[in-house]
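S.K.: Any chance you could fold what I've pasted below:
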Amino acid sequence: ILLLNSVVMSSEEEDDGTDVLSPDDFPERFEDITRALLDCCAQVRLGELVTCSNFTLFEAMSSIELMDPKMDSGMVCNQISRPVVSLADAVDQKLVAVCNISHDICVVMCDTLLRSVVAFLEGHSLAQTVFTCLYLHNPDVVAQPELKYLLIGVLRIVDRLIAIMVEAAVFEEEDIHLMTFNFRFYEHISDRALMNNLKEQIDLISHKHEQLACRLFMIHSLIGILATIRAKNEQEIKKLPQILDRLKEKISKLQRAPCNAQFDAELLSEGVCYSIGFDTLLNQHLLPPTFPKNAEFTEWDCMTKYWVEIISTVRKVCVVYPNASFQSVMLLVSGISRDSGSSLASRSMVQVMVMPSLTHVCCLPIKQFLSSGICSLVSHVPITSDNLTISRIANELCLLVERPVITWIKGYGKNRARLREQYIHVYYELSQAQNLCAEADACLEDVLGAQVPQFHRLSTWLMIQVSTVIREYLLSGLELELYSEHELLALFWYLADFLLLWNCNMLNDVREKLTELRLPPECGPDQQAREKNAKKQKQKQKMQSMALLEAQSANYKFHQALLSLFCGYYKSLIFLNAYHRIKKVTEPDFDLEKVRFERRFLPIAHIADCFPSFERFQAAVFSHVNYVVRDPERVIREAAESFSDAKSLLTEAKVISASSVPVEAELYLKLASNNLVVLNLARNTTEPQSKLSLEFSKLYFNWPALKYNP
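M.R.: Numbers count the residues shown, from 1 in each chain. Predicted coordinates:
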C-alpha cells in the first residue's frame, strides 16, 4: 500500500476548506507506509468506522471504477453503426407503415407495448421502454383507428399508473424511474371518450380478429379500473370485482401471434424492428452517458402473469373494502406485502384504495377504524361516551395512535427493506402511548369497574400491537438475509423464551375475557328506537360476538403455533451448538458475542420490558447446552414435538377462521413439516449430531431449515 507521506493532513487542515489538492502538492518521492497503516487498523475497535469529511460512505458506495467495462457503462454508450431516425423521418423514408397494418402485426405491437410497460414498472426508464415505440410519439399519424386508440390507451394506462404511484408515495429511488421527459400522454382526451372509442373498435374487430379484440378489451378495462381507483368512489369500487373477473378471463384467452418470436428476435439482436415500430436507441440522447444502451423487455409469459397479479391484488382489496376493520385491513396489506409476486404497481393501488386520504381507511373514518381495532380486544370500552373524561382520553388515544398506524399501513406498500426501517418508527411512536393507555385504564376501571367485572386493559391492546411490530421487524431480517448462522441462537431464544411467551399470555387473557364478556347496553337519545328492534339487535350482536371470538381464537392458535415453532428452532440450535455444528466467526477479533447481541436488539431497547439482557441469554444458553450434553436424545425429541405442535396448531387455526390467519402461516407450516421429518430421521440414527445441519433455504424465503445428511 503506497500513500503520499507529505499529503497526510491534520483534522484542522481538513476543516479549513483546503482539502482539494493541486498537482504541485504531489512530491517526487513516495514512501511505503503499509506497516504504519496496518498498525493503525489494529487500534480500531469492533464497530468503529473511519471516515473523511469529504468522502463519506455514500460517495464510496456510489463510486465507479473508471475504464472497467462492467462498471463504467460510459465506455460503451453511443457506439452504434446505424442512424437513429425520428417518427417523422421514419414515415418519410417509409420505414414504418401508418396504414394497412395487418391485425397480426397490431397484436405483436400491443404485446411488445405491454411488455415495455411492465419493464418500466419494474424500474427501467420510460425513455428506454415504453417510448422506444415510434408510434407513441404521435399516434395521430396512424390512419387505422383500432391501432390509434390502442396506442393512446397504452399511454393512458402509463399516465394513470404514474399518477397512482405518485399518490401512494411508497416507491423509493431504487424501485422505479418516474421521469417523463416531457413526453405527451394525450390528456386532452377524457377517459370516457377514449373508452367509448375503444368499445366501438372492439365491436368492429371482435368478429374479424379475436386476439386483437381481447387486447383492446384488456386496455379498455385497465383504463376503467385505474380511473375507478383514482376516483375513490365507494359505489364504483364495489362494482369492480365483476370487471376484474371478466378481464382475468380475457387475459387467460390471450395467445401469442405466430410472428411474435421473429420480431422479438430481430428487436433483441438489432435493437430496432421497424415492422412493429420499435427502436431501442430512439431516446438515447435524453439519457446520461452512464446509462446502459437499452433495457430488456419482460418476457410474454411474465407480462401476462404481471397483469394477472395486479388484477388479483385489486380483487382482494375489493373483498375487504365494504366491511373493513382494523384486523382485516392489517391482514390484507401485510399479506400483499409478503407476497413475493406483488409488484410496486399493485402495492400502490392497494395503498390508494385502502388509504384514500389521511383521514379515512377504506370507507371508514380513521377514528372509527382504530375503534374497531381496540374494541376487537377490549370490546366493552366506549370510544364514544357521554362521560367527558372517557371521551377526552379516547380522543387523545386515537390521535396519538393514528400516526404510527398510518405509517404502519403505508410501510406495507414499500419494498421489504424499507418496511424494516418503518417498523422501528412505528415501534417508537406506539410506545409513546403507554402512559396515556395507563391513564385510560385507571379512568375506565373507576367508571366501568362495577358494570364490567371481567375487565381487561387498553394497555393490553397496545402491547399486543407493539409485540407484533417487534416480531415482524426481527423476522424480516431472515427474509433480507441479514443474519448469520451464529446469530440465530439469540434470535430464536428471544422469540421463544421472551416475546412470543409474553404475547401468548396477553392473547390468552383477551380470549378468556371475550368468552365471558357480555356487552353492556348502549345508551343515547334514540334509545326508544333501539328498543323496538331489541331482538334483531340482540341477534346481530350475538353473531358479531361469535365472529369476534372465532377470530381471536384463530389468532391465539396462530401465536401458539409460532411459539412452538420458535421453541423447536431454539432447541435444535442448542443441540447443534453443543456439538459445534453451527458456523462460527473465523476472525477472533470480530467474535464479540455481546456486541453482536446488543447491536441486533438495540432498536427495540426503547421499552425496557422488551429489551433482553445479554447476561440472561448467556445463562440460558449455558444451562441448556449442559442439558444437551447430559441427555441429547431427549432434546431432539422435544424439538420434534415442538415442530409437531406447531404443525397441528397452524392447521387448527386455519380450520377455526382461515380469514383471520396471516398468509405466512403457509410458510410456517412447510418449515414445521420439513424440520419434523428431518428430526425424526436423525432420531433413528446412532449419531444424530453428525447427521443434522442448518442451511438458509430459498425455498422458504431464506428461513433456516434443518437438513439431514445421510
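S.K.: show me where the stretch 401-550 of the chain has helices.
M.R.: Applying DSSP state H, counting those that start in this stretch to the stretch 401-550 of the chain gives helices spanning 416-431, 434-448, 458-479, 488-494, 500-516, 527-532, 534-578.
S.K.: So for the longest one, mean pLDDT?
M.R.: Predicted confidence along helix 534-578 averages 84 (mean pLDDT).
S.K.: Let me know the angle separating that helix from helix 458-479.
M.R.: Here helix 534-578 runs at an angle of 40 degrees relative to helix 458-479 (axes from the mean of the first three to the mean of the last three Cα atoms, to 10 degrees).
S.K.: same check, this time on the first one
M.R.: Taking the same axes, to 10 degrees, one finds that helix 416-431 is oriented at 160 degrees with respect to helix 458-479.
S.K.: Then the second one?
M.R.: Counting by the same axes, to 10 degrees, helix 434-448 lies at 150 degrees to helix 458-479.
S.K.: May I see the buried residues of helix 434-448?
M.R.: Buried residues in helix 434-448, counted by 16 or more other Cβ atoms under 10 Å: 436-437, 440-441, 443-444, 448. Quick note: C-beta positions are derived from backbone N, CA and C, even for glycine.
S.K.: circling back to that earlier point, columns distance to residue 102 on top of the helices of the stretch 401-550 of the chain, output as JSON lines?
M.R.: As requested, these are exported to JSON lines (distance: least, Cβ to Cβ, whole Å):
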{"stretch": "helix 416-431", "distance to residue 102": "45"}
{"stretch": "helix 434-448", "distance to residue 102": "69"}
{"stretch": "helix 458-479", "distance to residue 102": "48"}
{"stretch": "helix 488-494", "distance to residue 102": "60"}
{"stretch": "helix 500-516", "distance to residue 102": "63"}
{"stretch": "helix 527-532", "distance to residue 102": "69"}
{"stretch": "helix 534-578", "distance to residue 102": "56"}
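S.K.: Please work out which of the ones you listed is packed deepest.
M.R.: Stretch with highest mean neighbour count among the helices of the stretch 401-550 of the chain: helix 488-494 (a mean of 23; mean count of other Cβ atoms under 10 Å).
S.K.: Against which helices or strands is that helix packed?
M.R.: In this structure, helix 488-494 makes packing contacts with helix 458-479, helix 534-578, helix 593-601, helix 614-630, judged by 3 or more Cβ pairs under 8 Å, 6 or more residues apart in numbering; DSSP states H and E.
S.K.: what residues does it touch?
M.R.: For helix 488-494, the external contacting residues (Cβ atoms under 8 Å, 6 or more residues apart in numbering) are 474, 477, 483, 566, 569-570, 573-574, 577, 582, 596-597, 600-601, 612, 617, 620-621, 694, 704.
S.K.: pLDDT of it, averaged?
M.R.: Mean per-residue pLDDT for helix 488-494: 95.
S.K.: again with stretch 408-415
M.R.: Across stretch 408-415, the average pLDDT comes to 95.
S.K.: Numbering from 722 from now on, please.
M.R.: Noted, 722 is the first residue going forward, which turns the last one into stretch 1129-1136.
S.K.: how far away is residue 1211 from residue 1298?
M.R.: Going from residue 1211 to residue 1298 by Cβ to Cβ, to the nearest Å gives 11 Å.
S.K.: Switch the helices and strands packed on helix 1209-1215 over to JSON lines; also include distance to residue 974.
M.R.: As requested, the helices and strands packed on helix 1209-1215 are arranged in JSON lines below (distance: least, Cβ to Cβ, whole Å):
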{"stretch": "helix 1179-1200", "distance to residue 974": "36"}
{"stretch": "helix 1255-1299", "distance to residue 974": "38"}
{"stretch": "helix 1314-1322", "distance to residue 974": "51"}
{"stretch": "helix 1335-1351", "distance to residue 974": "58"}
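S.K.: Which of these sits closest to residue 1037?
M.R.: Of all these, it is helix 1255-1299 that lies closest to residue 1037, at 17.8 Å by Cβ to Cβ.
S.K.: Buried residues of stretch 1053-1066, list them for me.
M.R.: 1053-1060, 1063-1066.
S.K.: again with stretch 1334-1343
M.R.: Buried residues in stretch 1334-1343, counted by 16+ other Cβ under 10 Å: 1338, 1341-1342.
S.K.: how deep is residue 1319 tucked in, by neighbour count?
M.R.: With neighbours defined by other Cβ atoms under 10 Å, the count for residue 1319 comes to 15.
S.K.: Tell me who's in contact with it.
M.R.: If you count contacts by Cβ under 8 Å, 6+ apart, then residue 1319 has residue 1335 around it.
S.K.: State the pLDDT value of it.
M.R.: Note for residue 1319: predicted pLDDT of 86.
S.K.: how far away is it from residue 1304?
M.R.: From residue 1319 to residue 1304 the distance is 21 Å (Cβ to Cβ).
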